[in-house]
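A.B. asks: Below is the structure, and that's it, no one-letter string:
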C-alpha cells in the first residue's frame, strides 16, 4: 500500500491529542491529562496547554474537511471550554444507578430525574446536547484509520514545534535519526541536543517505544578478504552471496513511497547483481562477439565492487564510478609499492594474467594494462548496463550519469583514428601474412587462408564469418556477393572479389562441397538443409569407432581466433629478425586488424567513403571517416617538401 506523505509543515494528529482534547471537554485537570497523554511534548504549562488545545481543534476541523464530513465542522469550531458539561447526570447515567431501571419507562424515568434534580435549564440542556454530539464526533474521528509514526517521517510531522526545532538544530531531521541518537546516549543526560534534558529525552524514548520505532540495526560487518574466495572467477562461477554484501540491492516488490521517490516493482526479475547482468546480456547482446565483450566489462566491474568495495550495484555512487575509472587506468601501470599505497585491497597480479579458458583456475579478468580507448569502452558499457537496470526498476538511479558520457565518448573517439592507423597492415605486411599459404594445401591451411581473405577483401568481422552459410552466397552476379548478418541483426550485401572466391571454392571442395553443390545451394531455397550448412567448418568430438576423421560441425570463435593468432605470431617471429618493429606490430595483431586493413587500404586506393561505409556496415559515416589516414600522410609529405625548399 502506498504511504501517503503529510503536507510539508503540517503536524500529524495522533490519538493522544484527541484524548487530551476530550479531557479539556470533560473539565479534567489539564496538567494531569498532559502528563497522561502528551508528556513527550515537554513539561506542561498553561500557555502550552492552551496552544496545544487550539492546535488540536484546528487539526480536527482540517481532518473533518479532508475526510468528507462537513457536518462536523461547525460543531468542532466551538471552543471546548465553552461547551461545559452539566454537573447533573444525564438520563442514561441516572438510569444506570437504578437496579430495576429496566422495569421503568422513559417517561417514568424522566419524572423521577425531575423529582431529584428539578426542572432542567434550557441553556444547560443545550450544552449537554452539544457536549454529547462533540463527544460522538471525537469518537468518530478517533476510530477513523490513522497513520502511525514511521522512521522516515520528519520530526516536525509528529513532535511538538519547540522539540522539533531543537532536534533539527542538532542535525536530526527524521524520527529514525532521533531514535538512533537516543540509543547512542552514553549518559542519562542527552548532551547531543541542547534544550532537551534527561526527563524530556526519557519521555521521548517512551513515545518511540509505544509506536514500535526501534534503533536501526547495526550495519553488517564488511567481509574481510579472507571471507571471499581467494581465486577470482568469471561471471558464471561467482558464488559470493551478494545479498550479504549489500542488503539494498533489490527494490521491494511492493510499492512504497520514500520521500519523493516511489519504489516500484522490479520489472527486470533479477534476484541479485549477477543475475541482473545475465538478463541484460540476454536482452542486449544477441551477437556472440558483442555478448563476450559486454560480459567481460560487466564481470570486471562486479568483481571490483565485491573485492575492492564490498558493495552491491545498488550502493554504487558517483565516487565509486570515479574510483573505478582510476583503478582501470592504473591497473598494471604501477609498481606493487605504488599499488599498495593507493589503498587497493587485491594486488594487481591477482587481476592480470595470460589468456586462459574461462573455467580454468588460471583465468584472470585482464590480460594486461588497458589502453585509453579500452578504458573508455569499459566505462561506457557499464554505464549502459546500469541504464538498463534502472529502466527495469532493479536500481533506483544510475550513478554513471554523473560521469559525463560526452567526455568519455570524446576520449574514445579521439583515439579511434590512431587505433585504425596502428592496428592495420600495410600492403607489404599483408603480403607477408599470406605468404606461403597454399590455396590447394591441407584443409586447415585452406581454411586459414579463407579467413584471412574474408577479413581483408570483404571487411568481415570474425562473428560475421562464422554466420556465413552456403545460402548466404549470391551467385547471380559477377563478382559474387554475400548476404552478411552484422551487428544488431542487420543484413548487408558484401561483394566477394575473385581472389577471395577462388580461396572459398578451394576450401569448400576440400571438405567435400563441390562447385555444383555450392551453386545449387546458393540458387535454391534459403531454408533448405543444404543452404543452412556453415561455410567455415571445424572438427570436434570423438572419432568414429571405425576410424577416420573427426566429425565436422560449425567452426567456433575460439578455434578461429586461436588458429589465426598462432599464424600471426609465427609470421611475427620470422619478421622480427629483419624488422623488429614490424615484427612486434604483427605479434599484437588479431582478426579485427584484417577489417581495419580492408577499410584503410580501400580508402587509400580511391574507393569512395560511402562505399566503404556500406561494405563495413557502419550506421554513421563519421565512424568510417576515422579510417581515412591518407590526408595525414599527404600533409606530412607536403610539409617535408615545403620545409626542405626553405633550407
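C.D. replies: Right, received. Where do you want to start? Model, not experiment: these values are computed from the prediction.
A.B. asks: How many residues are close by residue 333?
C.D. replies: A count of nearby residues for residue 333, using other CB atoms under 10 Å, gives 12. In short, each C-beta sits where N, CA and C put it, glycine included.
A.B. asks: Tell me the secondary structure of it, please.
C.D. replies: coil (DSSP: H, G, I helix; E, B strand; the rest coil).
A.B. asks: Find the nearest non-adjacent residue to it, please.
C.D. replies: Among residues not flanking residue 333 along the chain, residue 369 sits closest, at 5.2 Å (CB to CB, 6 or more residues apart in numbering).
A.B. asks: Provide a list of residues in contact with the one you found.
C.D. replies: Contact partners of residue 369, counting by CB atoms under 8 Å, 6 or more residues apart in numbering, are 331, 332, 333, 352.
A.B. asks: same thing but at 7 Å, please
C.D. replies: 331, 332, 333 (CB atoms under 7 Å, 6 or more residues apart in numbering).
A.B. asks: got it, and residue 461?
C.D. replies: The contact partners of residue 461, taken as CB under 7 Å, 6+ apart, are 289, 595.
A.B. asks: can you do 8 Å?
C.D. replies: 289, 486, 591, 592, 595 are the contacts of residue 461 under CB under 8 Å, 6+ apart.
A.B. asks: Could you find the lowest-pLDDT member of those residues?
C.D. replies: Across the contacts of residue 461, the bottom pLDDT score, 75, is held by residue 289.
A.B. asks: thought that residue was touching residue 462?
C.D. replies: Yes: counting by CB atoms under 8 Å, residue 462 is a contact partner of residue 289 at 6.6 Å.
A.B. asks: Can you work out which residues contact both of those two?
C.D. replies: Both residue 289 and residue 462 are contacted by residue 557, under the criterion CB under 8 Å, 6+ apart.
A.B. asks: Compare the two and say which one has the larger neighbour count.
C.D. replies: Between residue 289 and residue 462, residue 462 has the larger neighbour count (other CB under 10 Å), namely 21 against 17.
A.B. asks: What's the mean pLDDT across stretch 18-31?
C.D. replies: Mean pLDDT, computed over stretch 18-31, is 74.
A.B. asks: the bottom helix or strand of this structure by mean pLDDT?
C.D. replies: Within the chain, no helix or strand scores below strand 256-258, which has a mean of 29 by mean pLDDT, DSSP states H and E.
A.B. asks: Export the contacts of residue 461 to a markdown table and append columns for distance to residue 193 and secondary structure.
C.D. replies: A markdown table is the format used below for those (distance: CB to CB, whole Å; DSSP: H, G, I helix; E, B strand; the rest coil):
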| residue | distance to residue 193 | secondary structure |
| --- | --- | --- |
| 289 | 61 | helix |
| 486 | 66 | coil |
| 591 | 68 | helix |
| 592 | 65 | helix |
| 595 | 68 | helix |
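A.B. asks: of these, closest to residue 516?
C.D. replies: Taking CB to CB as the measure, residue 516 lies nearest residue 486 of the contacts of residue 461, at 29.6 Å.
A.B. asks: residues contacting the nearest residue to the closest one once chain neighbours are set aside?
C.D. replies: Excluding the flanking residues, the one nearest residue 486 by CB to CB, 6+ apart is residue 617, at 4.2 Å. Residue 617 sits next to 484, 486, 487, 490, 492 when contact means CB under 8 Å, 6+ apart.
A.B. asks: Most neighbours out of those residues, which is it?
C.D. replies: Highest neighbour count within these: residue 484, with 22 neighbours (other CB under 10 Å).
A.B. asks: May I ask which of the contacts of residue 369 comes out lowest in pLDDT?
C.D. replies: Minimum pLDDT for the contacts of residue 369 is recorded at residue 333 (88).
A.B. asks: Distance check, that one against residue 343.
C.D. replies: Distance, residue 333 to residue 343, using CB to CB, to the nearest Å: 16 Å.
A.B. asks: Residue 454 too?
C.D. replies: For residue 454, the distance to residue 343 - CB to CB - is 48 Å.
A.B. asks: Show me which of the two is the more surrounded one.
C.D. replies: Between residue 454 and residue 343, counting by other CB under 10 Å, residue 454 is the more crowded of the two (29 against 8).
A.B. asks: mind listing what's buried in the helix or strand hosting the more buried one?
C.D. replies: Taking DSSP states H and E as the definition, residue 454 sits inside helix 443-458. Neighbour counts using 16 or more other CB atoms under 10 Å place 445-458 of helix 443-458 among the buried residues.
A.B. asks: Adding distance to residue 438 as columns, could you present the residues you listed in CSV?
C.D. replies: Output for the buried residues of helix 443-458, formatted as CSV (distance: CB to CB, whole Å):
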residue, distance to residue 438
445, 6
446, 8
447, 12
448, 11
449, 8
450, 12
451, 15
452, 13
453, 14
454, 18
455, 19
456, 17
457, 18
458, 21
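A.B. asks: For residue 601, state which of those residues is nearest.
C.D. replies: residue 456 (8.4 Å).
A.B. asks: ok, for that closest one, nearest residue in space, not its chain neighbours?
C.D. replies: Nearest one to residue 456, counting by CB to CB, 6+ apart, is residue 594 at 5.0 Å.
A.B. asks: hang on, the earlier thing: pLDDT check: weakest of the contacts of residue 617?
C.D. replies: Ranked by pLDDT, the contacts of residue 617 bottom out at residue 487, which has 77.
A.B. asks: wait, isn't it in contact with residue 290?
C.D. replies: Yes: applying CB under 8 Å, one finds residue 487 in contact with residue 290, separated by 6.8 Å.
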